[in-house]
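# got a sequence here, can you model it:
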Amino acid sequence: MTVSFADKHLENHLPEQHVAGVVLAFDFGKKRTGVAMGNTAVGVAHPLATVDSAVTERCFALIAQLIETWQPVLLVVGLPLHSDGTAHELTQLSQRFARRLEGRFNIKVIMKDERYTSETASAALREAGITGRKQKAVLDQVAAQQILQSFFDEQHAITRR
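Modelled structure (predicted):
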């Protein structure tokens, strides 16, 4: 499930006017926000960075640097929901974060259901032998990678129909 702030409804595909380019994805958290990047032409997501979310202005300054460097055509923000689809305590905060991104950077933001991404990311890191503090350092960006990869996979499935 994806939610676009521009249309205020669920969106299952890229905007028609969308051109190929870099996409940045965010796994928002109160303390840390994971960032991943990928290109719509390739459809493969990569972990990129973990940004300290505790101080809003510092967080957005670091995101501005990432946007300046990568020049994304689209931003994807994970939408935290409970397993039954109801709002999570972070749902409104993530939506606010997404609105701020869209407002500050004038780049379309799409929200993507992020249920189970942190668990999937943690399991993948454990399987790779990354645990404890080492896992904590990269977990959020790997969760952002999961969000973005899920988005790319969904887009690929839609375009193959």
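# whichever strand or helix holds Gln149: how far from the chain's middle?
Assigned by DSSP states H and E, Gln149 falls within helix 132-159. Here the centre of helix 132-159 is set off from its chain's centre by 7 Å, with CA atoms, centre = their mean, to the nearest Å.
# how about stretch 97-117?
Using CA atoms, centre = their mean, the offset of stretch 97-117 from its chain centre is 7 Å.
# in that stretch, what's buried?
Using 16 or more other CB atoms under 10 Å as the test for burial, stretch 97-117 gives 97-98, 101-102, 105, 107-115, 117. Where C-beta positions appear, they are placed from N, C-alpha and C, glycine not excepted.
# one more: stretch 63-74?
In stretch 63-74, the ones that count as buried by 16+ other CB under 10 Å are 63, 66-67, 70, 72-74.
# mark which of those residues are part of strands, please.
Leu74 (DSSP state E).
# all the helices of the protein, residue numbers only.
56-70, 91-105, 117-127, 132-159 (DSSP state H).
# quick one, which of those is packed in tightest?
Each of those was given a mean neighbour count from mean count of other CB atoms under 10 Å, and the largest, a mean of 19, is that of helix 132-159.
# next, the angle helix 117-127 makes with it.
Angle, helix 132-159 to helix 117-127, by axes from the mean of the first three to the mean of the last three CA atoms, to 10 degrees: 120 degrees.
# the helices of the chain: which one's closest to Leu48?
Among the helices of the chain, helix 132-159 comes nearest to Leu48, with 6.0 Å by CB to CB.
# for the closest one, packing partners?
Secondary-structure packing of helix 132-159 (3 or more CB pairs under 8 Å, 6 or more residues apart in numbering; DSSP states H and E): strand 22-27, strand 32-39, strand 45-52, strand 74-79, strand 109-113, helix 117-127.
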